[in-house]
Structures are given as structure tokens and as C-alpha cells.
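A.B. asks: predicted model, plus sequence, below.
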Amino acid sequence: MIDLGELMAERSAGQDGPSHGRLTEVRRRIAVRRRRRAVAGSAAAVALVGALAAYTVVPGGKPPQPSTFAAGSATPSASPPATQKPVPGRKIGPFAEYARGYRVVAFGSAPVSSRKAELTWTVRSTDVEFFSYCPGLPDRDVSLDAEIAVNGEPARLSMGCNAELHQDPNPAESPSRTPPGASIGDTVTVTYTVTGAQGTAGTARERPVPTQGTIYFAVAEKVPFADYPVPSRPATLAPPTPDGMAGEPGTRVVHSDPADPNKPVTTTLVWHRGYEFTVVPQTPGVYQVAVNGVRVLSGEVHDYSGNGPSAGCQVRRKDKSFCVRELEAVRDGDTVTVTVTARYATGPWLAELRSQWQDPSAQG
């Protein structure tokens with residue numbers, strides 16, 4: 001989840017947290033396997049070159065056409081009632097009210113020519129995400145650069161915005177908190193200010209800020225899983241099947257208990273410089289993996305696509321950092337206990353677990 005203090009500073013500096021070790025290869029391999037498991041008709045993950053926010057396409061109909069504004073006008077919005085009953089498919093402006101475990105609670109809009117959009121937000125959660133959408137830009141290969149401020153104070157978060165509508169939480173795993181200058185119960189003004197534009201095709205390069213198009217900007221708050229409106233269960237569901245990781249040396253595949261998918265499943269692995277874990281679920285639920293009792297993976301699944309959470313970390317022999325500080329005493333060759341747990345699952349799942357690295361660069 002996004003930490004709107006520490007994480008914003010990390011994004012601005014372009015750095016990863018120091019405890020994540022060597023993650024580049026692991027992230028690449030996880031991304032490849034997620035693509036292998038993509039289901040037709042499910043939300044498609046995309047990456048925007050030069051943008052510092054991650055998104056997932058929200059299916060369901062044609063995006064709304066941009067509104068017409070007077071030059072320099074802007075339209076802030078107030079938060080909807082906190083007790084409002086979920087309505088499937090409801091939109092808050094152009095955004096899906098519920099997506100990926102979050103609920104959009106306020107949005108603002110303005111013409112791109114004004115370079116600024118605002119929203120009014122009554123803070124009810126410490127776990128929040130910001131989304132942006134800019135239809136009507138003259139070139140689909142242009143992305144706007146923008147900065148966010150809360151009550152006039154910079155939030156140290158840069159965001160990109162283009163003509164495709166996406167809503168996906170940032171994959172950072174650090175705990176969340178409210179942005180600087182905001183506390184639970186406060187009503188704040190959040191400003192989205194365009195600072196520039198760049199091309200996204202080929203080599204990104206700076207471009208003039210266009211005068212066409214509309215800025216839509218939203219804030220979303222985390223919804224407890226038990227309160228989240230998951231979609232209706234399909235009439236038939238395919239059983240979860242291993243993906244490409246299952247065929248790699250050192251991988252162990254464990255399955256949920258046939259009688260109770262929420263019963264913990266435990267196995268052992270020989271530790272070798274880190275881990276790589278993937279859960280493949282059939283149904284929505286909260287899925288976690290722990291090593292020697294230390295949680296290293298926790299993810300929520302809100303649909304029936306079969307896409308589940310993944311985590312991995314590789315530590316080279318001479319590295320002084322650790323994947324998880326609580327596991328720094330574990331040495332190569334030690335046998336570790338791996339426990340996979342699920343909550344709210346209503347169908348079977350499997351987990352692919354490995355702690356054996358074949359990357360030659362890790363042997364040094």
C-alpha cells in the first residue's frame with residue numbers, strides 16, 4: 001500500500017526502499033508470470049513510460065467524453081456519504097467507485113488549459129490512493145506531469161496523466177498513512193497541478209503542455225475486505241493451475257485444504273538467498289505467506305480472474321541488506337517453515353514457493 005510520506009519521497013528521489021535487496025530480476029520474472037496468467041476479459045495491467053504511478057485498466061463500457069468548460073474553470077467535488085450502500089457499476093465522475101480494494105470518495109476536474117484541478121476530501125482512512133485521467137489530449141502519446149498538494153502544502157508526489165482510464169493501487173508494500181497536513185476527520189483541499197508534458201512513445205522527451213483535454217483527478221480510500229463489494233460468483237470456475245514458475249528448479253507447489261480453503265497450509269524449504277512466492281487463487285480472498293512466522297507476502301484478490309499476489313527478494317552473497325529484517329539470521333542451507341494462509345476464500349488455491357536461485361550473478 002502507498003505510504004504518502006515516505007513513499008512519496010522515495011518516488012520523487014527515484015529510489016527503492018533499502019530493505020528490498022536486489023529486486024529487478026525478481027520483479028521482471030513476476031511480471032512475466034502475471035502476464036502468463038492474464039485472463040481474457042479481466043483488467044489488463046499497463047505501464048506508462050516516464051509516469052511514476054501504476055495503474056490497471058478498469059473494464060466496463062466506453063470512457064465518458066470530456067466535459068466542456070469555460071477557459072480556466074475548475075470543478076472540485078465533495079466526498080460522498082461514508083455510509084452510502086455499494087452499487088455495482090456506479091461511477092464517481094469517470095472513475096469506478098470501487099476498484100482493486102479501494103473506493104473513490106472524491107474527484108475534481110478542470111480543462112487541461114487551466115493546468116490545475118482541485119477536489120475537497122473529508123479524510124476517513126489512513127490508506128489512500130490518487131488516480132488521474134486526461135481524455136481529449138491532442139496526442140495519445142503525450143503524458144502530463146503533475147504535482148499534488150494538500151491545503152497548499154506539497155505532498156511530494158509526482159503523477160503522470162494520459163488519455164487512458166486506469167485505477168490500480170501502487171504496488172508498494174509499506175504501510176500507509178494520510179498525506180502531510182491531513183488527519184482523520186479533516187476536510188482538506190487537494191490540488192493537482194500540471195508541471196509539464198512528455199512523449200511516451202519511443203524515447204520520452206519533453207513536450208509543450210497541450211491546451212486541449214480534461215483533467216480528472218480522484219482520491220480513493222482503502223475498504224476493509226469484508227466490506228468490499230466483490231463481483232457475483234460465476235456459474236463455473238476453472239481450478240487454479242500452476243504457471244511458468246512451477247517448472248523452475250527448486251519450486252514447490254502446495255494446494256489448499258480440499259475441505260477448507262481457509263485452513264493454513266505449511267511446508268518446508270531449504271533457504272538459499274531469498275525467496276519467490278506466488279499465490280494462484282480461484283476466488284476473492286486475502287492471501288498471505290509467512291517464513292518462520294514472519295509475513296513476507298500479503299495480498300487481496302477482489303475478483304475471479306485467477307491473478308494473485310506475488311513477492312520475491314534475492315540477496316547476493318556480499319549484500320549487507322536483507323529482504324526482511326526479521327529473517328536476517330537465516331543462513332543458506334537452513335530449513336525454513338513456510339505457511340500459506342487465506343481468509344474469505346470460497347474456493348481452492350495453490351501457491352508456488354521457491355528459495356533457490358539460478359541467476360549466475362547471485363553466485364558471487
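C.D. replies: Sure, I can see it.
A.B. asks: just grab the bridge partners of Ala267 for me.
C.D. replies: That one is not Ala; residue 267 is Thr. Beta-bridge pairing of Thr267 under DSSP bridges involves Val338.
A.B. asks: that one and Arg252 touch, don't they?
C.D. replies: Yes - counting by C-beta atoms under 8 Å, Arg252 is a contact partner of Thr267 at 6.2 Å. Where C-beta positions appear, they are placed from N, C-alpha and C, glycine not excepted.
A.B. asks: where in the stretch 151-300 of the chain is pLDDT low?
C.D. replies: 170-181, 202-204 (pLDDT under 70).
A.B. asks: what is in contact with Thr267 and Arg252 at once?
C.D. replies: Common contacts of Thr267 and Arg252, defined by C-beta atoms under 8 Å, 6 or more residues apart in numbering, comprise Leu353.
A.B. asks: remind me what the strand or helix carrying Arg252 packs against, helices and strands.
C.D. replies: Assessed by DSSP states H and E, Arg252 sits inside strand 251-255. Counting contacts by 3 or more C-beta pairs under 8 Å, 6 or more residues apart in numbering; DSSP states H and E, strand 251-255 is packed against strand 265-270, strand 349-354.
A.B. asks: using PDB, write down the CA coordinates of the first one.
C.D. replies: Output in PDB follows, covering the C-alpha atoms of strand 265-270 (Å, rounded to 0.1, in the frame of the first residue of the first chain):
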ATOM      1  CA  VAL A 265      -1.000 -25.000   4.800                       C
ATOM      2  CA  THR A 266       2.600 -25.500   6.000                       C
ATOM      3  CA  THR A 267       5.700 -26.900   4.200                       C
ATOM      4  CA  THR A 268       9.400 -26.500   4.500                       C
ATOM      5  CA  LEU A 269      12.100 -25.200   2.100                       C
ATOM      6  CA  VAL A 270      15.900 -25.000   2.200                       C
END
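A.B. asks: who does the longest strand seen in the chain pair up with?
C.D. replies: When the chain is parsed with DSSP state E, its longest strand is strand 187-199. Sheet pairing for strand 187-199, assigned by DSSP bridges, gives strand 116-122 (antiparallel), strand 142-150 (antiparallel), strand 206-207 (antiparallel).
A.B. asks: partners of the strand holding Arg252, with directions?
C.D. replies: Paired strands of strand 251-255, with direction, are strand 349-354 (antiparallel) (DSSP bridges).
A.B. asks: what angle sits between the partner strand and strand 265-270?
C.D. replies: Relative orientation of strand 349-354 versus strand 265-270 (axes from the mean of the first three to the mean of the last three C-alpha atoms, to 10 degrees): 10 degrees.
A.B. asks: outside of strand 349-354, which residues touch it?
C.D. replies: Outside strand 349-354, the residues that reach it (C-beta under 8 Å, 6+ apart) are 240-243, 245-246, 248, 250-256, 261, 265, 267, 269, 275-283, 285, 287, 289, 308, 338, 340, 342.
A.B. asks: around Ser113, how many other residues sit close by?
C.D. replies: 17 (other C-beta atoms under 10 Å).
A.B. asks: next: Thr337.
C.D. replies: Residues near Thr337, counting by other C-beta under 10 Å: 12.
A.B. asks: isn't it right up against Val291?
C.D. replies: Yes - with contact defined as C-beta under 8 Å, Thr337 counts as touching Val291 (7.2 Å).
A.B. asks: run through the bridge partners of the nearest residue to Gly93 once chain neighbours are set aside.
C.D. replies: Leaving aside its sequence neighbours, Gly93 sits nearest to Phe107 (C-beta to C-beta, 6 or more residues apart in numbering; 4.2 Å). Legend: beta-bridge partners of Phe107 under DSSP bridges are Ala218.
A.B. asks: how close does the closest residue to Pro242 other than its chain neighbours get to Val291?
C.D. replies: Counting by C-beta to C-beta, 6+ apart, the nearest residue to Pro242 once its immediate chain neighbours are dropped is Val253, at 5.4 Å. Distance, Val253 to Val291, by C-beta to C-beta, to the nearest Å: 17 Å.
A.B. asks: also Asp227?
C.D. replies: Using C-beta to C-beta, one gets 30 Å for the distance from Asp227 to Val291.
A.B. asks: which one's more surrounded, these two?
C.D. replies: Neighbour count, other C-beta under 10 Å: between Asp227 and Val291, Val291 has more, with 23 against 8.
A.B. asks: neighbours of the closest residue to the more buried one other than its chain neighbours, how many?
C.D. replies: Of all residues not flanking Val291 in the chain, Val336 sits nearest, at 5.2 Å (C-beta to C-beta, 6+ apart). Residues near Val336, counting by other C-beta under 10 Å, number 18.
A.B. asks: try the one 3 residues further on
C.D. replies: Around Thr339 there are 16 other residues, counting by other C-beta under 10 Å.
A.B. asks: contacting residues for it?
C.D. replies: By C-beta under 8 Å, 6+ apart, the residues touching Thr339 are 264-266, 289-290, 293.
A.B. asks: with adjacent residues omitted, what lies nearest to Thr335?
C.D. replies: Nearest one to Thr335, counting by C-beta to C-beta, 6+ apart, is Thr268 at 5.3 Å.
A.B. asks: how near is the one you found to Arg252?
C.D. replies: To Arg252, Thr268 is 9 Å away according to C-beta to C-beta.
A.B. asks: more neighbours: the two, which one.
C.D. replies: Between Thr268 and Arg252, counted using other C-beta under 10 Å, the more crowded position is Arg252 (15 against 11).
A.B. asks: now do the same contact list for the more buried one.
C.D. replies: For Arg252, the contact set (C-beta under 8 Å, 6+ apart) comprises 267, 269, 352-354.
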